[in-house]
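Engineer: sequence first, then the predicted structure, then my questions.
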Amino acid sequence: MTVSAARALAGAITCFVGIGLPSTAANLARRTHSPDLVLIYESGALGAKPGHLPASIGDGVLAETADAVVGVAEVFNYWLQPGRIGVGFLGAAQLDRSGAINTTVVGDYHAPGVRLPGAGGAPEIASGCREVFVVLRHTPRALVERVDFVTTRGRGPSLVITDLGELRPEGGELVLTALHPGVDLARAKAMTGWELRVAPDLAVTPAPTGDELSALRALKAATG
Amino acid sequence: MTVSAARALAGAITCFVGIGLPSTAANLARRTHSPDLVLIYESGALGAKPGHLPASIGDGVLAETADAVVGVAEVFNYWLQPGRIGVGFLGAAQLDRSGAINTTVVGDYHAPGVRLPGAGGAPEIASGCREVFVVLRHTPRALVERVDFVTTRGRGPSLVITDLGELRPEGGELVLTALHPGVDLARAKAMTGWELRVAPDLAVTPAPTGDELSALRALKAATG
Amino acid sequence: MARITALADAVADLVRDGDSVAMEGFTHLIPMAAGLEVIRQGRRDLTLVRMTPDLVYDRLIGAGCARKLVFSWGGNPGVGSLHRFRDAVEHGWPGPLELEEHSHAGMANRYVAGASGLPFAVLRGYTGTDLPGVTATIATVTCPFTGEELSAVPALNPDVAIVHAQRADRAGNVQLWGLVGVQKEAVLAAKRSLVTVEEVVDELTPVPGAVVLPGWAVDVVAEVPGGAHPSYAQGYSERDNDEYRRWDAISRDRAAFTAWLEGIR
Amino acid sequence: MARITALADAVADLVRDGDSVAMEGFTHLIPMAAGLEVIRQGRRDLTLVRMTPDLVYDRLIGAGCARKLVFSWGGNPGVGSLHRFRDAVEHGWPGPLELEEHSHAGMANRYVAGASGLPFAVLRGYTGTDLPGVTATIATVTCPFTGEELSAVPALNPDVAIVHAQRADRAGNVQLWGLVGVQKEAVLAAKRSLVTVEEVVDELTPVPGAVVLPGWAVDVVAEVPGGAHPSYAQGYSERDNDEYRRWDAISRDRAAFTAWLEGIR
């Protein structure tokens, strides 16, 4: 999943990076096919080049290696909002058929079963970046018919990468366009909370190369 | 006039300073009775402590000696606009009976006799500072019944200092409240473009002290 | 010029029951020690304002200091949930917690408006989200030139802002650097302000990327070395990621949390 | 990444007849050499945008490059009038000059809105002035929360922004320090941008107070040592106050100005 996500950044110039898997993938992209990829973190680091994976979005290594460090208001107003950034890379607790993301609550907002962290930068990352990628684990609780709460919609993801494969929007819903090597189509369908449509030209993603895997291992080993 | 203007700053904590006479007076105040007076220049220097008089509002000495240097938008939005600054110190080409300032045109705006520089920071200095002082030469062309163009009104000056004396607002118009030593009342009236009212307790400003004059000379001598 | 006092005196002086309090610091420079002091002094009915509640507010919420939370992302960064926040929202323990929920962009712009003396800020935000349905402080405004409709959020002007910085000089001029977050905006937006610092020095030598808050714009400075722990102060300390993980275990359980709370009092 | 080219090529590439052009630098770092190059290349019908027109625009106006001026303060700082500006406004020489006139606060906020991708900005401005009567780009907007009426100004998004900075590296990352004015906002607000620099260096060592513009947000960088003269570049040169005074004599007289113009071509 991380390798697929990193590959998806090939050709991108600038990437607004959420912490966790998006950050790992974006840093892997910098170490493989896209050494000049500019990483922008909402904590204000423009052009961060961390030598190890930051534990949080506000890790000191981001400021120390950035081309420029700006305040949080500036990163949203001057850099994200005008559409300067190519790809926004988001995680999600729930993602639905229409591409809406929920990171707010499971259940009713006013009496939630699970209270999630909330919006963070996502609503504006999703509307401000020219393209949005979402990465998440593929389970029926995560990929749902309809999210309990729309935290983030924006322009909707152009690509969803899971541990089973890839989905892209087609006629207003997310359809399966690729499976990772060795993943069974029936399993992908069973793990999706809606009746998953499959693209006629369903692809299999290339297996991670040795270079990719060793770069990923090196990156993780360097994590503080 | 400069000494009177400097004295008017006694008790002020912060002063938004225009270039020219206001800057000279504010720096003189720092060198005499108010060493801690915080000078704010619209060029972005907060707490400038110039050792010589800056030739322009953007002189390098302002940035080099400031507590903080910020962008021009920030100086207006974060520092001036919320009313953080005690005194705004302005010059004027024309000032009228009601306290309105003109630095835009003499004559008609669309076919001016004299095109003046324009507003600069003055409209918002006059509305953003808690008090506004104006300094200008006392001539019938400068102190007029009604300005040709209202560049700046804001809350109106609480004190006007000229080379002849001082005026303060009273019942909606500026009235003469003090004369400098040796200035004749008839002369002040003749040099004013409206029928000048005189405060019943018309004062005479104390003559500049030796200390004030030597501080002023030292300041001017240090000017590059 | 800012007064320089001890932390306990500063909190006693500036933070009152029922206040809205903004403790800012975006992962970096979080005023943790000041948060603990507010707990120790038993403040109640606070409206806590902060983009990322983090441990500092998880503790205050669990300790029963808060009536309301104004925020945009309430997780334990890099670890998982803020369990005291969740317990308050999901089960009303130790009491109900009113929420006013925004996005980061909305919160940051609310501070900018507050610092600018404006009643509201304009942004392109909340597109297609359910947030305006649950948050009354999200509205729209129409551009008087183009007719375009945009989002509007009201200014934040908390009663008190508390931030942590690397240094101050003896006149109370404050210097902070690294990730600078929204600290300047929070201090300028607030009616009263407290800055805890790693150290008070004779002179603030310039540092690249530093934000300087002039002493005349700050009310009180308190010297609190390590006052951001387990967050960090660039140039002084590293983020204590283990402590963030340990908080997960402490906060997950009411009894463990209560024992922790006894320990800090 | 920004391209690094010669100044003449950069101007030929980026500045077209009829463009709106913002050359910024608040007294400090004024892109004077770029202004002269625009004159040499004979651009016409420009809308010149700049808070303080200064010598750089007095020259362009006198040379007949401008159709319109968008500004907030048009004097020769510390000296007196901008005579070419006055001659254009008062007597229509060498041609009529349309004015769009704001205050500094209004202009700065117009750049902020432009840099932020918003159509307008809100401020407390122009209170009681005659400016809204002569400037169509001053309007009002009502706060959706408090009902208060405030001033609104439209975003500036010039076709080209030109600024001068101390340094750039070979990837076109730009570093400027000292009084930083509205240069960042002007570059980010513009469709295309040119930065002239004192020098191109291998590495940008951090400088306190510096603004960094990443190379991917700049189109073209040109190395022009002394490119701000007679204004200055902090750390590289001093303001040439004598030259500002000399300009008063040159610009006061059409013949003297015309001779000067011949000399630079």
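Structural biologist: Ah, there it is.

Engineer: what's the closest residue to A:Asp96 other than its chain neighbours in contact with, if anything?
Structural biologist: Nearest non-adjacent residue to A:Asp96, counting by CB to CB, 6 or more residues apart in numbering or on different chains: A:Val147, 4.5 Å away. From N, CA and C alone the C-beta is placed, and that goes for glycine too. Taking CB atoms under 8 Å, 6 or more residues apart in numbering or on different chains, we find A:Val147 in contact with A:94-96, A:100-102.

Engineer: check what pLDDT A:Val147 gets.
Structural biologist: Per-residue pLDDT puts A:Val147 at 98.

Engineer: give the contact list for the residue in chain A that chain C sits nearest to.
Structural biologist: With CB to the nearest CB as the measure, A:Gly58 is the residue of chain A nearest to chain C, at 2.2 Å. Taking CB under 8 Å, 6+ apart, we find A:Gly58 in contact with A:43, C:26-28, C:77, C:179, C:181, C:231, C:239.

Engineer: switch the cut-off to 6 Å
Structural biologist: Counting by CB atoms under 6 Å, 6 or more residues apart in numbering or on different chains, A:Gly58 touches A:43, C:26-28, C:179.

Engineer: tell me the contacts of the residue in chain A positioned nearest to chain D?
Structural biologist: Using CB to the nearest CB, A:Pro82 is the residue of chain A that sits closest to chain D, at 3.0 Å. Contact analysis of A:Pro82 by CB under 6 Å, 6+ apart lists D:Gly117.

Engineer: sec struct for it, please.
Structural biologist: A:Pro82 falls in the coil class when you classify it by DSSP: H, G, I helix; E, B strand; the rest coil.

Engineer: burial count for residue 93?
Structural biologist: Defaulting to chain A. Using other CB atoms under 10 Å in any protein chain shown, the number of residues around A:Ala93 comes to 21.

Engineer: wrong one, I was asking about chain C
Structural biologist: Around C:Trp93 there are 17 other residues, counting by other CB under 10 Å.

Engineer: same thing with A:Gly11?
Structural biologist: 10.

Engineer: repeat for C:Val180
Structural biologist: 27.

Engineer: nearest residue to it other than its sequence neighbours?
Structural biologist: Using CB to CB, 6+ apart, the closest residue to C:Val180 is C:Val211 (4.9 Å).

Engineer: ditto for A:Leu62
Structural biologist: Looking at A:Leu62 with CB to CB, 6+ apart, the closest residue is A:Ala45, at 3.9 Å.

Engineer: the one you found: neighbour count?
Structural biologist: Neighbour count for A:Ala45, taken as other CB under 10 Å: 29.

Engineer: residue contacts, it?
Structural biologist: Counting by CB under 6 Å, 6+ apart, A:Ala45 has contacts A:62-63, A:66, A:69.

Engineer: returning to that earlier point: separation between the residue nearest to A:Asp96 and A:Gly193?
Structural biologist: Distance of A:Val147 to A:Gly193, computed by CB to CB, to the nearest Å: 10 Å.

Engineer: ditto for A:Pro181
Structural biologist: 24 Å.

Engineer: neighbour-wise, which of those two wins?
Structural biologist: More crowded of A:Pro181 and A:Gly193, by other CB under 10 Å: A:Gly193, with 17 against 10.

Engineer: okay, that one: pLDDT?
Structural biologist: Per-residue confidence (pLDDT) for A:Gly193: 98.

Engineer: hang on, the earlier thing: what helix or strand is the residue nearest to A:Asp96 on?
Structural biologist: Using DSSP states H and E, A:Val147 maps to neither a helix nor a strand.

Engineer: hmm, which helix or strand of chain A has the shakiest average pLDDT?
Structural biologist: Here the helix or strand of chain A ranked lowest by mean pLDDT, DSSP states H and E is helix A:60-65, holding a mean of 85.

Engineer: what comes up buried for that helix?
Structural biologist: Buried residues in helix A:60-65, counting neighbours by 16 or more other CB atoms under 10 Å in any protein chain shown, are found at A:60-63, A:65.

Engineer: next: stretch A:10-28.
Structural biologist: Buried residues in stretch A:10-28 (16+ other CB under 10 Å): A:12, A:14-28.

Engineer: if we look at the sheet, which residues does the residue sitting furthest away from the middle of chain A bridge to?
Structural biologist: Each residue of chain A has a distance to the centre, and by CA atoms, centre = their mean the biggest one is for A:Ala111: 28.5 Å. Per DSSP bridges, the residues bridged to A:Ala111 are A:Asp108.

Engineer: what about the residue found closest to C:Ala210 once you drop the neighbours it is linked to in the chain, neighbour count?
Structural biologist: Nearest non-adjacent residue to C:Ala210, counting by CB to CB, 6+ apart: C:Trp177, 4.0 Å away. By other CB under 10 Å, 23 other residues sit near C:Trp177.
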